[in-house]
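Engineer: I'd like to go over a predicted model; first the sequence, then the structure.
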Amino acid sequence: MQPAASGAPEWERVVHTLVAERGDALTRYAYFVSGSVDDAPDLVQDALVGAFGRLRNGFTVASAEAYVRRAILNAFIDRGRRASRWRRIAHLEAAPVELDSPAEATDARLDLHGELQKLTPRERACLVLRYYDDLKVDDIAETLGLSSGAVKRYLSDGLARMAAALRPDDGSEASHAR
């Protein structure tokens with residue numbers, strides 16, 4: 001993106017500054033929300049177009065970033081709703097061949113990432129907002145327009161599903177060591 005000209009409207013300067021200073025952070029945020037390296041830039045682009053295509057005045061860089069983050073989250077949840085039919089048949093898709101990683105940390109991160117992808121969009125959004133954005137339950141509820149109880153349920157269900165899937169097999173390591 002080229003620098004905004006000095007005579008450019010204020011909203012263009014805000015967009016330029018936002019992308020230059022916070023573009024990578026917005027893309028990382030979109031990656032954490034979506035779990036897809038390919039979808040993350042698209043979510044950011046769609047959010048920027050949506051934010052500045054309609055509302056051009058009155059944004060500061062900080063308020064624009066907050067608005068774009070919210071737009072990223074909403075776009076991801078909307079995609080999840082539209083893809084509900086796909087999720088019912090996704091298990092029929094051939095899985096790509098994966099190579100084993102020699103690093104335990106990488107394996108754990110890949111396992112965590114894989115389990116995050118299996119969660120529903122709302123469970124994933126709640127977990128990302130709680131553990132990546134470090135928001136409290138009431139703040140998550142306000143952000144997503146849900147009740148605190150619903151957020152607690154999504155957090156509980158999502159964490160329970162991930163804990164069950166990531167729990168080490170009892171006895172498999174011990175029986176091989178004997």
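Structural biologist: Great, that's in hand.
Engineer: only C-alpha atoms from now on, for both contacts and neighbour counts.
Structural biologist: Fine.
Engineer: could you list the domains of the chain?
Structural biologist: Domains of the chain are assigned by automatic domain parsing as 8-87, 105-168.
Engineer: let me see the contact set for the residue most central in space within the chain.
Structural biologist: The centre of the chain sits closest to Val33, judged by Cα atoms, centre = their mean, with a distance of 0.5 Å. Val33 sits next to 73, 76, 124-125, 128 when contact means Cα atoms under 8 Å, 6 or more residues apart in numbering.
Engineer: narrow those residues to those in helices?
Structural biologist: Under the assignment DSSP state H, the contacts of Val33 contribute 73, 76, 124-125, 128 to helices.
Engineer: pretty sure Ala71 is touching Val49, no?
Structural biologist: No. Assessed by Cα atoms under 8 Å, Ala71 is found out of contact with Val49, at 10.0 Å.
Engineer: who has more neighbours, those two?
Structural biologist: Between Ala71 and Val49, counted using other Cα atoms under 10 Å, the more crowded position is Ala71 (19 against 14).
Engineer: report the two of the ones in helices among the contacts of Val33 separated the most.
Structural biologist: Maximum pairwise distance in the ones in helices among the contacts of Val33, criterion Cα to Cα, is 12.1 Å, between Phe76 and Val128.
Engineer: wait, which of the domains of the chain is closest to Glu98?
Structural biologist: Glu98 lies closest, by Cα to Cα, to one member of the domains of the chain: domain 105-168, at 10.6 Å.
Engineer: give me the mean pLDDT for that closest one.
Structural biologist: Throughout domain 105-168, pLDDT has a mean value of 87.
Engineer: stretch 15-34 too?
Structural biologist: On average, stretch 15-34 scores 92.
Engineer: centre of the chain versus it, how much separation?
Structural biologist: Centre-to-centre, stretch 15-34 and its host chain are 12 Å apart (Cα atoms, centre = their mean, to the nearest Å).
Engineer: list the buried residues of it.
Structural biologist: For stretch 15-34, a neighbour-count test (16 or more other Cα atoms under 10 Å) marks 15-19, 23, 26-34 as buried.
Engineer: and Met162, how many neighbours?
Structural biologist: 18.
Engineer: please identify which helix or strand holds it.
Structural biologist: In this assignment (DSSP states H and E), Met162 forms part of helix 148-166.
Engineer: so what does that helix touch, helix or strand wise?
Structural biologist: Applying 3 or more Cα pairs under 8 Å, 6 or more residues apart in numbering; DSSP states H and E, we find helix 148-166 packed against helix 104-118, helix 121-131, helix 137-144.
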